[in-house]
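Asks: No letters, just coordinates:
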């Protein structure tokens with residue numbers, strides 16, 4: 001009697017399962033590995049999102065792979081190697097530098113393939129840092145989350161273009177779509193944030209760290225000098241209390257306390273986007289990808305972003321949003337003013353273009369298709385692909401309502 005073929009086993013490794021794009025991508029891919037008929041393992045140091053793996057049928061294994069301590073990293077080699085052998089792992093897919101060193105060594109003396117995803121253009125401040133970063137470039141195949149990151153890898157490490165696959169991050173268009181947000185959710189959020197009735201809402205989502213460019217937007221709001229504008233900065237300071245105090249003082253010094261509010265966290269970003277008249281991504285350093293411009297466009301919202309990094313690949317200049325020089329508050333003022341000046345028809349046209357652009361290029365399903373195709377490439381095709389979902393219904397001018 002013929003035995004059923006063994007399921008492929010794919011192990012993803014990530015430091016921890018908290019908020020963030022890399023973590024979301026890991027969970028999304030874990031779910032699609034299961035859908036493809038394979039076994040999905042995720043190794044991390046835990047975190048608040050472990051239960052999401054249980055929900056999709058993936059198995060979580062807790063190890064201190066978040067540690068940069070050389071001794072712990074060395075100990076992780078043996079632990080990972082044992083897991084690889086015990087679970088007959090076919091592919092080890094690592095999403096961060098410290099665990100990449102441990103996993104790279106662990107895969108030696110096993111039959112497992114080793115691959116990585118590079119999520120950012122990591123800072124190179126010297127030879128030691130360059131060597132540490134190089135772990136992410138040692139995969140048989142290296143996924144870059146944008147062409148910008150792919151160029152960074154080739155420019156800084158001994159890696160050929162044939163080893164790199166660009167797989168843009170993808171979002172759930174079923175969640176990030178205007179018709180998926182109820183009026184009740186928007187009212188609840190508006191009341192929580194005490195948004196004045198009839199205000200034009202300028203919104204910058206992103207954790208409170210200096211390179212996200214909050215000060216640039218605060219300067220732009222001052223120079224815009226429009227009393228009908230209310231600005232919301234969404235993001236936790238994650239312990240950076242001094243930077244938050246600096247922002248609060250800047251707001252106070254400019255007498256903008258009634259127009260700018262800092263909100264610690266938001267559990268309902270689709271509703272937040274629906275409240276926004278204009279969404280801002282003001283990063284002064286280039287982002288490897290940047291989810292904010294993609295999510296904003298998916299919601300049919302005008303987006304103003306800085307003209308570098310991944311934003312150049314996700315925004316169609318002059319058609320789905322504005323790109324301005326980083327750190328240039330005057331250029332940001334002009335772009336925000338143009339976005340606020342759009343009439344209802346112009347907003348509807350921009351919304352339709354933006355939503356179509358995201359549906360065609362940046363969905364979770366497309367990310368899964370491309371990632372599973374890479375797994376299949378390493379496994380000589382022995383992995384099913386995930387069927388593309390149908391576009392979310394009613395992608396129409398309702399985005400402008």
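Replies: Noted; the coordinates are in hand. Just so it is clear, the structure is predicted and the values come from calculations on it, not from any experiment. Residues are numbered from 1 along each chain as shown.
Asks: where exactly do the helices run in the stretch 301-401 of the chain?
Replies: 311-314, 329-340, 344-361, 364-378 (DSSP state H, counting those that start in this stretch).
Asks: Can you give me the buried ones in the last one?
Replies: It refers to helix 364-378. By 16 or more other Cβ atoms under 10 Å, the buried positions in helix 364-378 come out as 364-372, 374-376, 378. Just so you know, the C-beta spots here come from the backbone N, C-alpha and C atoms, and that holds for glycine as well.
Asks: before we move on, the earlier item: tabulate the helices of the stretch 301-401 of the chain in CSV, adding columns for mean pLDDT and distance to residue 176.
Replies: Shown next, in CSV, are the helices of the stretch 301-401 of the chain (pLDDT from 0 to 100; distance: least, Cβ to Cβ, whole Å):
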stretch, mean pLDDT, distance to residue 176
helix 311-314, 97, 13
helix 329-340, 97, 19
helix 344-361, 97, 8
helix 364-378, 94, 10
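Asks: which one of those lies closest to residue 85?
Replies: Relative to residue 85, the nearest member of the helices of the stretch 301-401 of the chain by Cβ to Cβ is helix 364-378, separated by 18.1 Å.
Asks: could you say what helices and strands that closest one packs with?
Replies: Packing partners of helix 364-378 (3 or more Cβ pairs under 8 Å, 6 or more residues apart in numbering; DSSP states H and E): helix 21-35, strand 91-94, strand 113-118.
Asks: contacts for the least confident helix or strand in the chain by mean pLDDT?
Replies: Lowest by mean pLDDT, DSSP states H and E among the helices and strands of the chain is helix 127-133, with a mean of 90. Outside helix 127-133, the residues within contact range by Cβ atoms under 8 Å, 6 or more residues apart in numbering are 97, 122, 123, 124, 156, 157.
Asks: Quick check on those residues: which are buried?
Replies: The buried subset of the contacts of helix 127-133 (16+ other Cβ under 10 Å) comprises 97, 122, 124, 157.
Asks: from the buried residues of helix 364-378, which is closest to residue 321?
Replies: residue 366 (20.0 Å).
Asks: How about that closest one, nearest residue that isn't a chain neighbour?
Replies: residue 170 (5.3 Å; Cβ to Cβ, 6 or more residues apart in numbering).
Asks: got the contact list for the spatially most central residue of the chain?
Replies: With the centre of the chain defined as its mean C-alpha position, the nearest residue by Cα atoms, centre = their mean is residue 21, 3.1 Å away. Each residue near residue 21 by Cβ under 8 Å, 6+ apart is listed here: 119, 145, 169, 289, 291.
Asks: Reformat these as CSV; add distance to residue 132.
Replies: Formatted as CSV, the contacts of residue 21 follow (distance: Cβ to Cβ, whole Å):
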residue, distance to residue 132
119, 15
145, 20
169, 24
289, 22
291, 26
